[in-house]
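Trainee: model the structure of this input:
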Amino acid sequence: MKKCFIALAAMILILPLVLTPFGTDVPSHREEVSNEISMSGFSTRLALKTLLIDLNDRLLAPLGGSGSDQVIRGKSSWLFYTPTLDGSALLTGDEEDALIDRLLSLQSALSADGRTLILLIAPNKASVYPEFLPAGFTTSGLSTLENRLADAGLTSVRAVDALTESKGSGQLYFTSDTHWNARGALIVFRRLADLLPSLKNFDADFTSGTAGDLLLLCRPGADPAEADAAFNYARSWTAVKPIRSRDDLTIETRNVSGTGTILLARDSFGRLLLDPLAESASRLIMVRTWENLFSLAADYDAGIVILEVAERDLRTLLTSLE
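Mentor: Here you go, the predicted structure:
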């Protein structure tokens, strides 16, 4: 039996040498490549690091492990981000109190200026799909925080409820990524539209694309590609400046058939809200910051301010609103 195990382990170690190119590079490692690459344009150090991480993950995967301490492998090959499960991202009771106070202050200031604040907390994947967590892990209890926000008088989308109730419509988060997919984003947008009647009905086909930020943490040499990554529709909006990436710090759009000006302060979850919001607003401004939102809303004369924040980044939001 011991010899069989040793032989199996050897096969797992040797196989990636055949299947994985030694010099594999991935977009998420661009910065590391630029820092480490030699004058001749080739980095042995990075290639070896990539290969060793891949090998480690392939060896640990059959045992339920992963090649990265930031990734936890759940049931049915679902990957989860460790900081969302180890309790490190959870707010203390005092931090929740402080966050609610700061959001109420922002809401009050915007309201006095004739503007509307909508809070959108993008749930951790585990909060929507706890059934795929490995044994011994539990969710953070986002619904409890949402109840506190509602009791305090804050207007929130309650995305965790919308997504949990809609899981029967199809998969809403990527298996190998931390984010919701286009189907999940559309469900959240429709719940947002329930709070903002000025938003148009948005419908689109889902197209294939690439996703896999968690996969790349444990297998940097992989080629991530999960279906249902974007919308396919006849677009009526235009970008004021060319969009290099949906992660640009500022994106501004115009739509002659839209209504009102919307400011979306967001993180990476907000990238898939670009299409439905740009189809609704005459002017949409997406910014990757939560600081100085009152001033930004005034500068852009935005009647609606949507503050989107990932559940795992609530502590960062608290600091940003100081």
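Trainee: only C-alpha atoms for contact and neighbour calcs from this point on.
Mentor: Will do.
Trainee: state the distance from the residue nearest to residue 157 when sequence neighbours are not counted to residue 103.
Mentor: Of all residues not flanking residue 157 in the chain, residue 120 sits nearest, at 5.3 Å (CA to CA, 6 or more residues apart in numbering). Using CA to CA, to the nearest Å, residue 120 is found at 12 Å from residue 103.
Trainee: quick one on the thing from earlier: who are the packing partners of whichever strand or helix holds the residue nearest to residue 157?
Mentor: For residue 120, the host element (DSSP states H and E) is strand 116-122. Counting by 3 or more CA pairs under 8 Å, 6 or more residues apart in numbering; DSSP states H and E, the packing neighbours recorded for strand 116-122 are helix 93-112, helix 159-165, strand 304-310.
Trainee: CA atoms of the first one as CSV?
Mentor: So that's helix 93-112. Provided in CSV are the C-alpha atoms of helix 93-112 (Å, rounded to 0.1, in the frame of the first residue of the first chain):
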residue,chain,number,x,y,z
GLY,A,93,-20.0,44.8,17.1
ASP,A,94,-18.4,48.2,17.6
GLU,A,95,-17.3,48.3,14.0
GLU,A,96,-20.8,47.6,12.8
ASP,A,97,-22.1,50.4,15.0
ALA,A,98,-19.5,52.8,13.6
LEU,A,99,-20.2,51.7,10.0
ILE,A,100,-24.0,52.3,10.4
ASP,A,101,-23.4,55.7,12.0
ARG,A,102,-21.1,56.8,9.1
LEU,A,103,-23.6,55.5,6.5
LEU,A,104,-26.4,57.3,8.2
SER,A,105,-24.4,60.5,8.2
LEU,A,106,-23.7,60.2,4.5
GLN,A,107,-27.3,59.3,3.7
SER,A,108,-28.5,62.4,5.7
ALA,A,109,-26.0,64.7,3.9
LEU,A,110,-27.0,63.4,0.5
SER,A,111,-30.7,63.6,1.2
ALA,A,112,-30.4,67.2,2.4
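Trainee: who touches it?
Mentor: 116, 117, 145, 149, 152, 153, 154, 294, 315, 318, 321, 322 (CA atoms under 8 Å, 6 or more residues apart in numbering).
Trainee: which residue ranges of the stretch 101-250 of the chain form helices?
Mentor: Using DSSP state H, counting those that start in this stretch, the helices of the stretch 101-250 of the chain run over 125-128, 142-152, 159-165, 182-195, 213-218.
Trainee: dump those helices to TSV, plus mean pLDDT.
Mentor: Below are the helices of the stretch 101-250 of the chain laid out as TSV (pLDDT from 0 to 100):
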stretch	mean pLDDT
helix 125-128	95
helix 142-152	94
helix 159-165	97
helix 182-195	97
helix 213-218	90
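Trainee: how about the ones you listed in JSON lines, adding mean neighbour count and distance to residue 88?
Mentor: Listed next are those as JSON lines, based on neighbours: other CA atoms under 10 Å; distance: least, CA to CA, whole Å:
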{"stretch": "helix 125-128", "mean neighbour count": "24", "distance to residue 88": "15"}
{"stretch": "helix 142-152", "mean neighbour count": "15", "distance to residue 88": "15"}
{"stretch": "helix 159-165", "mean neighbour count": "19", "distance to residue 88": "20"}
{"stretch": "helix 182-195", "mean neighbour count": "20", "distance to residue 88": "26"}
{"stretch": "helix 213-218", "mean neighbour count": "24", "distance to residue 88": "18"}
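Trainee: dump the ones you listed to CSV, plus distance to residue 173.
Mentor: Formatted as CSV, those follow (distance: least, CA to CA, whole Å):
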stretch, distance to residue 173
helix 125-128, 7
helix 142-152, 17
helix 159-165, 10
helix 182-195, 7
helix 213-218, 12
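Trainee: which one of those lies nearest to residue 250?
Mentor: Closest to residue 250 of the helices of the stretch 101-250 of the chain, according to CA to CA: helix 182-195, at 19.8 Å.
Trainee: now that closest one against strand 304-310, angle please.
Mentor: Helix 182-195 runs at 140 degrees relative to strand 304-310, counting by axes from the mean of the first three to the mean of the last three CA atoms, to 10 degrees.
Trainee: and helix 182-195, what does it pack onto?
Mentor: Helices and strands touching helix 182-195, by 3+ CA pairs under 8 Å, 6+ apart, are helix 159-165.
Trainee: run through the neighbouring helices and strands of the helix it packs on.
Mentor: Going by 3+ CA pairs under 8 Å, 6+ apart, helix 159-165 lies up against strand 116-122, helix 125-128, helix 142-152, helix 182-195.
Trainee: per-domain residue ranges of the chain.
Mentor: Here the domain parsing of the chain from automatic domain parsing is 2-63, 93-169+180-205+234-320.
Trainee: most tightly packed of those?
Mentor: domain 93-169+180-205+234-320 (a mean of 18; mean count of other CA atoms under 10 Å).
Trainee: dump the residue contacts of the residue nearest to residue 157.
Mentor: By CA under 8 Å, 6+ apart, the contact list for residue 120 reads 156, 157, 158, 159, 306, 307, 308, 309.
Trainee: let's see 7 Å
Mentor: Contacts for residue 120 (CA atoms under 7 Å, 6 or more residues apart in numbering) come out as 156, 157, 158, 159, 307, 308, 309.
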